[in-house]
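S.K.: next one to model:
(2 chains)
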Amino acid sequence: MTAATRKYGSIFTAQLANGLTYPLDLLGRALSIVVFLWVFLHLWRSVYATDGSQAIAGLTLADTLWYLMLAETIVLSKPRISADIARSVRDGSVAYQLARPYNFVLYHFSVGLADAIVRAAMTALVGGALVWALVGPPPPASGWPLAAIAVLLGWLLDFSMSALIGLSAFVTEDTSAFDWIYSKAVLVLGGVLLPLDFLPEGLGSVARALPFAYTVWAPARVFVSPDPARFLALAGAQLAWLAVLALLLAAAWRWAIRRVAINGG
Amino acid sequence: MAGARRAHDTARGGLLAEARFLASLWRAGLQTAMAFRVAFVTQIVGMALNNAMYLAFWVVLFQRFPTIGTWGLRDVMLLFGVVAAAFGIAVVLFGNILVLSDVITGGALDAWLTLPRPVLPSVLASRMTVSGIGDVATGLVCFVLAGQRSPEAALRFVVAVVASATIFLAFMVIVQSLAFWIGSAVLLRQTAFNAVLTFATYPLTLFDGTAKFFLLTIVPAGVMGTVSTDFVRRFTWPGLGQLLVAAVVLCAIAAALFRAGLRRYASGSIVLAAD
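M.R.: Sure, this is the predicted structure:
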């Protein structure tokens, strides 16, 4: 184990323990998935009834609800890395963090991943119990490890895009508008509100060519249809986007750090 | 007779003075927000784009499935327009509605208790959420795109939006006033906020009997969304009655609960020291 792995591993473990300290708070947060899944159940039940078919794009109503459960879990559990980074830049605390013996971006990734895992476990438990009660059992457990890997890669992709938005605070100070637009891009083009398989062909192809699709749609799709070939194709696309975004992020970080002016205090 | 007239004049003067005070708060809020021009424009345009992305979901959904239940794209567009405009007006004029429970639990009410003005409206109007202007703009665009272009429909839209905004504000005051008793109400506020806005932007016809009852009473998202939208589409006395009764009853409950909570309020003892 390298020193870097141990260092970020320790940050991750400490944050994991921190997240588990207030289980009731976690449960309260997780309850918001009930609102969304309840609306989705009624919406998609009505869509399937109007369409008159058992399956749309190969997904039954039960598949769609389980897809949406994981999609909502991924989105509701992810931390707002962009807001954290932007706040550090705005209030100047980035100056203190730069002096510490860790990489600023990797530190946020380690903390974010720990937060996301703890929240996702509770949210999936609540959401899963509700969907199971409403439409029946989940997809086969044999596919869950593949879905878990895809979820982790999806979060890393999301963190990279969020960190790029957060670093834009070096120029704009307020990044909330970019945050809103990004979050809606993930909702629509990432497949949170509906599986991308339901999109018209042209728009579906465009959506699948963008990185948003691999934050949510890819893991949720692997979860409901866990065949190894699909997993390999989607995980490959996730890794390719991750490489592109990592290069962009490294360049953005080098550029941002040159703009830091520390005036003592 | 003269006494009654004097009381009426005093009440009218009080209301006018209150309106002038609120107007000055809004003017100050706007001037503060406009001091940072880039952030001001970015927030408004960003929110409008954000709403456009969400509407894209409905456009795509209706392209694939032309009707859902009895609703088509124009119906949903009008529904979203009413809710977006109502939310926008509420947070632009009364921006502290988004953080009222924090103000209560943080002991920050002290600043308003010293003013010779009703506390609740003063607290709420002391902050302007500029991005709400983008929501109002989205609402107006949706109203036009939904095909409702007559002056009568425009008047009904204004009435529905004002009623819907009042219902949203009153509901959020009720929920956050519980902070006087339970302390931190952050999770409760977030859940109530998500629930009322999420349910309001979906047609009420999607839901069954029990759910409908829930959405017309406990979480008044059905009144804020579908009932208001039905009123914009077609004037009916029962429709207008439902909107007015919901707005007045919820305002009365909100005012009573906030006043009761205020009696329990202990000062935050915040001391500002200047050197």
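
S.K.: for the rest of this, base every contact and every neighbour count on C-alpha atoms.
M.R.: Noted.

S.K.: low-confidence ranges, the stretch 1-150 of chain A, go.
M.R.: Counting by pLDDT under 70, the ranges of the stretch 1-150 of chain A that qualify are A:1.

S.K.: show the pLDDT at residue 263.
M.R.: Because you didn't say which chain, this covers chain A. A:N263 is assigned 60 on the pLDDT scale.

S.K.: not what I meant, chain B
M.R.: We have a pLDDT of 91 for B:R263.

S.K.: cool, and the one 5 residues further on?
M.R.: Turning to B:G268, the model gives it a pLDDT of 63.

S.K.: B:D9 now?
M.R.: Listed pLDDT for B:D9 reads 50.

S.K.: do B:I68 as well
M.R.: For B:I68, pLDDT reads 80.

S.K.: pretty sure it contacts A:V47?
M.R.: Yes - counting by C-alpha atoms under 8 Å, A:V47 is a contact partner of B:I68 at 5.6 Å.

S.K.: three-state assignment of the residue nearest to B:A154 when sequence neighbours are not counted?
M.R.: In space, and not counting its chain neighbours, B:A154 is closest to B:Q148: 7.5 Å by C-alpha to C-alpha, 6 or more residues apart in numbering or on different chains. At B:Q148 the chain is in coil, as set by DSSP: H, G, I helix; E, B strand; the rest coil.

S.K.: okay but B:Q148 is in contact with B:R233, surely?
M.R.: Yes - here B:Q148 reaches B:R233: they are 7.5 Å apart, a contact under C-alpha under 8 Å.

S.K.: now do stretch B:211-222, average pLDDT.
M.R.: The pLDDT scores in stretch B:211-222 average 89.

S.K.: just the C-alpha atoms of that stretch, please, in PDB.
M.R.: C-alpha atoms of stretch B:211-222 as PDB (Å, rounded to 0.1, in the frame of the first residue of the first chain):
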ATOM      1  CA  ALA B 211     -53.200  10.600  -2.200                       C
ATOM      2  CA  LYS B 212     -55.500  13.300  -3.600                       C
ATOM      3  CA  PHE B 213     -56.900  14.000  -0.200                       C
ATOM      4  CA  PHE B 214     -53.400  14.300   1.200                       C
ATOM      5  CA  LEU B 215     -52.300  16.700  -1.500                       C
ATOM      6  CA  LEU B 216     -55.400  18.900  -1.100                       C
ATOM      7  CA  THR B 217     -55.100  19.200   2.700                       C
ATOM      8  CA  ILE B 218     -51.900  18.200   4.600                       C
ATOM      9  CA  VAL B 219     -49.400  19.100   1.900                       C
ATOM     10  CA  PRO B 220     -51.500  21.600  -0.200                       C
ATOM     11  CA  ALA B 221     -49.500  20.900  -3.400                       C
ATOM     12  CA  GLY B 222     -52.600  19.900  -5.300                       C
END
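
S.K.: give me the contacts around that stretch.
M.R.: Stretch B:211-222 is contacted by residues B:167, B:171, B:192, B:195-197, B:199-200, B:204, B:223 when judged by C-alpha atoms under 8 Å, 6 or more residues apart in numbering or on different chains.

S.K.: what parts of the stretch 1-150 of chain A come near chain B?
M.R.: Within the stretch 1-150 of chain A, the positions near chain B by C-alpha under 8 Å from any C-alpha of the partner chain are A:28-29, A:31-32, A:35-36, A:39, A:42-43, A:46-47, A:50-51.

S.K.: turn those into JSON lines, columns for secondary structure.
M.R.: Shown next, in JSON lines, are those (three-state DSSP):
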{"residue": "A:G28", "secondary structure": "helix"}
{"residue": "A:R29", "secondary structure": "helix"}
{"residue": "A:L31", "secondary structure": "coil"}
{"residue": "A:S32", "secondary structure": "helix"}
{"residue": "A:V35", "secondary structure": "helix"}
{"residue": "A:F36", "secondary structure": "helix"}
{"residue": "A:V39", "secondary structure": "helix"}
{"residue": "A:H42", "secondary structure": "helix"}
{"residue": "A:L43", "secondary structure": "helix"}
{"residue": "A:S46", "secondary structure": "helix"}
{"residue": "A:V47", "secondary structure": "helix"}
{"residue": "A:T50", "secondary structure": "helix"}
{"residue": "A:D51", "secondary structure": "helix"}
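
S.K.: isn't A:M161 up against A:A246?
M.R.: No - in this structure A:M161 lies outside contact range of A:A246 using C-alpha under 8 Å: 9.3 Å.

S.K.: the two: who's more crowded?
M.R.: Under the criterion of other C-alpha atoms under 10 Å in any protein chain shown, the comparison of A:M161 against A:A246 puts A:M161 first, with 23 against 17.

S.K.: what residues sit buried inside the helix or strand harbouring that one?
M.R.: In this assignment (DSSP states H and E), A:M161 forms part of helix A:144-167. By neighbour count on 16 or more other C-alpha atoms under 10 Å in any protein chain shown, the buried set for helix A:144-167 is A:144, A:146-147, A:150-167.

S.K.: show me which of the residues of the stretch 1-150 of chain A next to chain B are buried.
M.R.: Those of these that meet the buried threshold are A:28-29, A:31-32, A:35-36, A:39, A:43, A:46-47, A:51, by 16+ other C-alpha under 10 Å.

S.K.: including distance to B:V41, could those go into JSON lines?
M.R.: Output for these, formatted as JSON lines (distance: C-alpha to C-alpha, whole Å):
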{"residue": "A:G28", "distance to B:V41": "35"}
{"residue": "A:R29", "distance to B:V41": "32"}
{"residue": "A:L31", "distance to B:V41": "35"}
{"residue": "A:S32", "distance to B:V41": "32"}
{"residue": "A:V35", "distance to B:V41": "33"}
{"residue": "A:F36", "distance to B:V41": "31"}
{"residue": "A:V39", "distance to B:V41": "33"}
{"residue": "A:L43", "distance to B:V41": "35"}
{"residue": "A:S46", "distance to B:V41": "39"}
{"residue": "A:V47", "distance to B:V41": "38"}
{"residue": "A:D51", "distance to B:V41": "42"}
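
S.K.: which one of these sits closest to B:V60?
M.R.: Of all those, A:V47 has the smallest distance to B:V60: 13.1 Å, by C-alpha to C-alpha.

S.K.: in this structure that closest one contacts B:P66, no?
M.R.: No - using C-alpha under 8 Å, A:V47 makes no contact with B:P66, being 9.7 Å away.

S.K.: pretty sure B:C251 contacts B:A170?
M.R.: Yes - counting by C-alpha under 8 Å, B:C251 touches B:A170, with 5.2 Å between them.

S.K.: for A:R90, see how far away B:V130 is.
M.R.: Counting by C-alpha to C-alpha, to the nearest Å, the separation of B:V130 from A:R90 is 19 Å.

S.K.: comparing these two, which residue is more hemmed in?
M.R.: Comparing B:V130 with A:R90 by other C-alpha under 10 Å, the one with more neighbours is B:V130, at 24 against 15.

S.K.: tell me the contacts of that one?
M.R.: Each residue near B:V130 by C-alpha under 8 Å, 6+ apart is listed here: B:33, B:40, B:43-44, B:91-92.

S.K.: check these one by one and keep those near chain A.
M.R.: The subset of the contacts of B:V130 within reach of chain A, by C-alpha under 8 Å from any C-alpha, is B:Q43.

S.K.: which parts of the stretch 151-265 of chain A sit against chain B?
M.R.: Residues of the stretch 151-265 of chain A lying close to chain B by C-alpha under 8 Å from any C-alpha are A:172, A:174, A:176-178, A:180-181, A:184-185, A:187-188, A:193, A:198-200.

S.K.: tell me the buried residues within these.
M.R.: For these, a neighbour count by 16+ other C-alpha under 10 Å gives the buried set as A:174, A:176-178, A:180-181, A:184-185, A:187-188, A:193, A:198-199.

S.K.: identify the farthest-apart pair in these.
M.R.: Largest separation among these by C-alpha to C-alpha: A:D174 and A:F198, giving 35.1 Å.

S.K.: what's the nearest residue to A:S82 if we skip its chain neighbours?
M.R.: A:S82 sits nearest to A:G166 (C-alpha to C-alpha, 6+ apart), 3.9 Å away.
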